[in-house]
Each structure stands twice: as structure tokens, then as C-alpha cells.
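Asker: structure, please.
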Amino acid sequence: MSRRPLTVAAIAGCLLLVSSACGTTSENSGQGSQPGQTGSSCQGPRGSYVIGMSQANVAEPYRQRMDDDIAQAAAAIPQFTVEFADAQQDNAKQVSDVENFLIQQVDLLIISPNEATPLTSVVKKVYDRGVPVVVLDRKVDGDSYTTFIGADNTEIGRQAGRHMAEQVLPDGGRIAEIRGLAGSTPARERSTGFAEGIEGSDIEIVAAADGDWLREKGQAQADAILKAHPDLQAVYAHNDPMAEGAYLAAKAAGRDQQLKFIGIDGLPIPSGGIKAVEAGRLSATFIYPTGGQEAIDAAKALLIDCQQVPKTQILPTQLVTQENATEIYDRANSG
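Answerer: Numbers count the residues shown, from 1 in each chain. Modelled structure (predicted):
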């Protein structure tokens, strides 16, 4: 009788060791057999994996760069194949794209949602099926995903507000805000943070409009605002293409030298925000990392290494002005 408990205990210990090696214990996966975690999805380095990447809208240069960064990072991992889908800023199409990835039985989903609420249900569906989900840049409602990777948009907005109040218009002034797509979390957070950043200053937001992250729409909105507010002194845009659109509207009106423009994204490409700051079209921008490399790192950890990943991964930002634009651009392209 004394030997039986010892034998059961030994067997249990062996099973625990085997589970640990496969990455299915709560220590390795974070939630054990919970949906969307490591476990059945992870076959180790001998497996081959298809990743579905659902992009909100590649017409935005930032999102095309995100896809490019994902493709480049995945190319270094022979076990990975990435299938890309472009929702073209259409919530219904993005839901359909994700449903198609489920039908294809992808091993992991990366998604940058067009808007949060309309994409929440289908993301939860994928996660509940046991497929790991990396939510990139823009959030969904709730927490039915494996990991979120992105910058702190509220803090970026806050820094933009402080820069406007302390450096661009230290004596106060009247400004306009060109916002991103209304249902996307970065638009809400960049607006909230900016309001916090200018709080206590003499800066007044006299006009605001949605540019939906697009240069052409940002230019059209800025054109209307400039006509309605001839005493405007600056424009805060939620991304660099809309800030450049606002600059073009001001230039067409002969007012580009009278106004200052702040954007966000800071893409290190010839047509990106860093070069726009270097050339003097924008007063400042803020680096907004695409997270492409980090998304593939997370996929490798989950699918190949059978490891846990953090629920939230916050990426850093940096203020770009004419003083440091050249250095930041060169550094970003030195690798």
C-alpha cells in the first residue's frame, strides 16, 4: 500500500515534465488551455505555420509600411508563411477577411482593426477557437485576444499637446484638430491626450474635423476650416498624411508660412513625416512604430518556442523636430 501513492506521484510528475516541454502548462502559456494561447497551435521549430494578417487599409502609408515590416520579419523565419488581406477601410470586408482566415485554418491571426467595436466579435471568435490573436496598433473592445502590441496613443497625444503649448504657441493661440477615423482607438486616444497636453494653456481648439487618416480628406477638411477661420495659427493632425494635407491646403491659400503643423507617425521613408519635418513643412511629428517586427516576434514565441507573451506590449515614441530629424531618419535606415 505504501508504494502505490509514490507510483502515482511519479507518473504525475512525469506528465508535468512532458507538458512543460510542450509549452502547455500555465507557466509557459500564461493561461494553459484557455483560448488563443500556446498549446495545440505550437508544434515547435519542426512545424510550418500560416499567419493571417488582416490590415485595415493599405492606402494609408503607415499601414503599407506595417505590412512591409511584417513581411520582412517573417521572411527571416522559414517556418512562416504570411497571407495578407486589405480591408480597404471597410469594417464588413475586414470581418469577412478574418472569417476567411478561419476557413483557411491559419495558425495565428495578426489584425490591425479598422474600428474597434465592429471587429470585436470576429476577433473573439478566432480567439475562442484556440487560434492565437495578435492585435496590432489599433485595439478591439474587451480582452479576447492573446496580445496587444502598439504605442501609447494617449501619451503621444499628450506629448503633442505639450509641444504645441510649450514650443509652437507658448503665448497661446487658435488651432484646428484634424482627427483620424472616428471609431478607431488611436483617434480617440490621440484627441484625449492632446486635450490633456494643452490643458492650462491659452490654446483654443476652434475647429475639429475627421480626416479618416487620409491625406486627401485631411486637405479638404483643412481647406474648409481655413476659410472659416482666417485667424488660425496651427493645425494638429492625428497622422502625418493629414498634416501634410493641411499644409497643402494652407499653401494653396497662401497661408503656409503663417501656420504650424504637427503630425504623428514619423515614417522613415522619403514621403514620410520625418522628411516633412526636415523640409520644414511640418513643425514636428512623433515616431509611431508599426510593430511589424514585434508581431512576428510574438508569433515565433507562441508558435515555435511555445512560450508565453505579455498581454500588452507598449512600443516607444520619440519627438521629431528639425533639430533631430536628419539623425533619426539616418539611424532608422542604417540597418
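Asker: where along the stretch 1-150 of the chain do the helices fall?
Answerer: Taking DSSP state H, counting those that start in this stretch as the criterion, the stretch 1-150 of the chain contains helices spanning 3-22, 26-29, 61-75, 91-104, 116-128.
Asker: those helices: lowest mean pLDDT?
Answerer: By mean pLDDT, the lowest-scoring of the helices of the stretch 1-150 of the chain turns out to be helix 26-29, with a mean of 32.
Asker: centroid residue for this structure?
Answerer: D137 (1.6 Å; Cα atoms, centre = their mean).
Asker: the domain parsing of the chain - what is it?
Answerer: 25-149+291-313, 153-264 (automatic domain parsing).
Asker: the last one - what's its average pLDDT?
Answerer: Same thing as domain 153-264. The average pLDDT within domain 153-264 is 97.
Asker: from here on, call the first residue 2.
Answerer: Understood, numbering begins at 2; the last thing we discussed is domain 154-265.
Asker: run the chain-centre distance for it.
Answerer: Averaging C-alpha positions (Cα atoms, centre = their mean, to the nearest Å) puts domain 154-265 20 Å from its chain's average.
Asker: please apply the same query to stretch 43-61.
Answerer: On the basis of Cα atoms, centre = their mean, stretch 43-61 sits 16 Å off its chain's mean C-alpha point.
Asker: picking that back up, between the domains of the chain, which one is closest to T322.
Answerer: T322 lies closest, by Cβ to Cβ, to one member of those: domain 154-265, at 8.1 Å. Every residue, glycine included, has its C-beta placed from N, CA and C.
Asker: endpoints of the closest one, how far apart?
Answerer: 10 Å (Cα to Cα, to the nearest Å).
Asker: what count of nearby residues applies to S49?
Answerer: For S49, the count of nearby residues is 11 (other Cβ atoms under 10 Å).
Asker: nope, D331 is what I was after
Answerer: Around D331 there are 11 residues (other Cβ under 10 Å).
Asker: do A285 as well
Answerer: Neighbour tally, A285, other Cβ under 10 Å: 25.
Asker: can I get the domains of the chain in TSV with distance to V321?
Answerer: Formatted as TSV, the domains of the chain follow (distance: least, Cβ to Cβ, whole Å):
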stretch	distance to V321
domain 26-150+292-314	14
domain 154-265	9
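Asker: what about L227, which SS state?
Answerer: helix (DSSP: H, G, I helix; E, B strand; the rest coil).
Asker: how near is it to A300?
Answerer: 45 Å (Cβ to Cβ, to the nearest Å).
Asker: cool, and D172?
Answerer: 49 Å.
Asker: also G264?
Answerer: Per Cβ to Cβ, G264 is found 30 Å from A300.
Asker: which of those two has more residues huddled nearby?
Answerer: G264 (33 against 29).
Asker: which ones are touching that one?
Answerer: By Cβ atoms under 8 Å, 6 or more residues apart in numbering, the contact set of G264 is 238-245, 274, 277, 283, 285-287.
Asker: ok, those residues vs K312, which is closest?
Answerer: Out of the contacts of G264, the member with the shortest distance to K312 (by Cβ to Cβ) is F287, at 24.6 Å.
Asker: the closest one is in contact with R159, isn't it?
Answerer: No - the criterion here is Cβ atoms under 8 Å, and F287 misses it with R159 at 10.5 Å.
Asker: neighbour count winner among those two?
Answerer: More crowded of F287 and R159, by other Cβ under 10 Å: F287, with 25 against 21.
Asker: who does that one bridge with?
Answerer: Assessed by DSSP bridges, F287 has beta-bridge partners L320.
Asker: and it, what does it touch?
Answerer: Contacts here follow Cβ under 8 Å, 6+ apart; on that basis F287 touches 157, 160-161, 264-267, 318-321.
Asker: now with 7 Å, please.
Answerer: Neighbour list for F287: 157, 160-161, 265, 267, 318-321 [criterion: Cβ atoms under 7 Å, 6 or more residues apart in numbering].
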